[in-house]
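**Student:** Whatever this is, show me its structure:
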Amino acid sequence: MGWGFIIFLFSMLMFQEGLAGVVIEQVMRDREGNASKVFLYISENKYRADHPDGSMTTIMDFQGDRIMMIDHRARCYVEIKFSQWEKEVAERLKRSTPKIKTAPRKITVKGTGETATINGFRTEKVEIIANGELIEENWVTRDVDLKDVEKVMERIALGFSKEFKSEMKEGREIYDKLKTFGFPILVKDYAITYGLKALDVLEVKKMEKKELMDEVFLPPSGYQKIVPEPSNK
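**Tutor:** Numbering: from 1, shown residues only. Prediction:
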């Protein structure tokens, strides 16, 4: 859904209730460094992620207990209960993840005092170290209000942290320590390149507060709803 259409909706539906929210434009990179844009819309108990390169959108409504996966090329979408989706994903991960027990690592998250302005944000470099080895660096900012973003991200992680308590422990520790420094604008990962160099895996290009209409968190009009078949157990 482009900005022009959102502005059109706002002008046509200006008497309907709007929701205070945050819009984030970011670039994600995979292990090979291939980049793709992602647009996030966050408002109270709702979350939307647009992947323009793949013509896909994911919408989560935690209060309504539903998740919608939209295929814009096929002009259709699937809607299921979010609680059901969490359980199904957790079961698939359990089946596919090797049962390898590893000793917990000592995690240190420390500010370096090094600063830079990235995409208009004042940032500080924060290093994440595991057992003495640098695994990640985050350039974080305090220029943004994190309340809306943190509330939604906490809810997304909640279900999986219950299912994978031990596996998620390290990630949760890093998240809790890192958020005291600010919000990551640029994330450089050393772990996936075995420490040889840093790979930029996430970069926030823009973040702004917006009044988001309810329609932002609904599938476009005219799209066909697909009812998924029950999964075989």
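**Student:** mind checking which helix or strand the most centrally placed residue in the chain is in?
**Tutor:** Residue closest to the mean C-alpha point of the chain, counted by Cα atoms, centre = their mean, is residue 153 at 6.9 Å. Assigned by DSSP states H and E, residue 153 belongs to helix 147-163.
**Student:** so how far is the helix or strand following that helix off the chain centroid?
**Tutor:** Next along the chain after helix 147-163, taking DSSP H and E as the criterion, comes helix 165-178. Its chain's C-alpha centre lies 16 Å from the corresponding centre of helix 165-178 when counted by Cα atoms, centre = their mean, to the nearest Å.
**Student:** Also stretch 47-67?
**Tutor:** Going by Cα atoms, centre = their mean, where stretch 47-67 is centred and where its chain is centred differ by 10 Å.
**Student:** Tell me which residues are up against it.
**Tutor:** Contact with stretch 47-67 is made by 1, 36-42, 44-46, 68-73, 79-83, 85, 152, 155-156, 216-219, as judged by Cβ atoms under 8 Å, 6 or more residues apart in numbering. Just so you know, the C-beta spots here come from the backbone N, C-alpha and C atoms, and that holds for glycine as well.
**Student:** Could you work out the end-to-end span of it for me?
**Tutor:** Its first and final residues considered, stretch 47-67 spans 9 Å by Cα to Cα, to the nearest Å.
**Student:** Which positions in that stretch come out as buried?
**Tutor:** For stretch 47-67, burial by neighbour count (16 or more other Cβ atoms under 10 Å) applies to 47-50, 57, 59-62, 66-67.
**Student:** Can you say which of the contacts of stretch 47-67 are buried?
**Tutor:** Buried members of those, counted by 16+ other Cβ under 10 Å: 1, 38-42, 44, 46, 68-72, 79, 82, 85, 152, 216-219.
**Student:** hmm, back to that, between the buried residues of stretch 47-67, which is nearest residue 24?
**Tutor:** Nearest to residue 24 among the buried residues of stretch 47-67, counting by Cβ to Cβ, is residue 49 at 9.5 Å.
**Student:** partners of the host helix or strand of that closest one in the sheet?
**Tutor:** Element membership for residue 49, per DSSP H and E: strand 46-51. Under the criterion DSSP bridges, strand 46-51 sits next to strand 35-43 (antiparallel), strand 56-61 (antiparallel) in its sheet.
**Student:** In the sheet, which strands lie alongside the helix or strand just after the last one, parallel or antiparallel?
**Tutor:** It stands for strand 56-61. Note on strand 56-61: by DSSP H and E, the next helix or strand toward the C-terminus is strand 66-71. Next to strand 66-71 in the sheet, as set by DSSP bridges, lie strand 56-61 (antiparallel), strand 76-80 (antiparallel).
**Student:** Grab the nearest non-local neighbour of residue 184.
**Tutor:** Leaving out its chain neighbours, the residue that sits closest to residue 184 by Cβ to Cβ, 6 or more residues apart in numbering is residue 138, at 4.5 Å.
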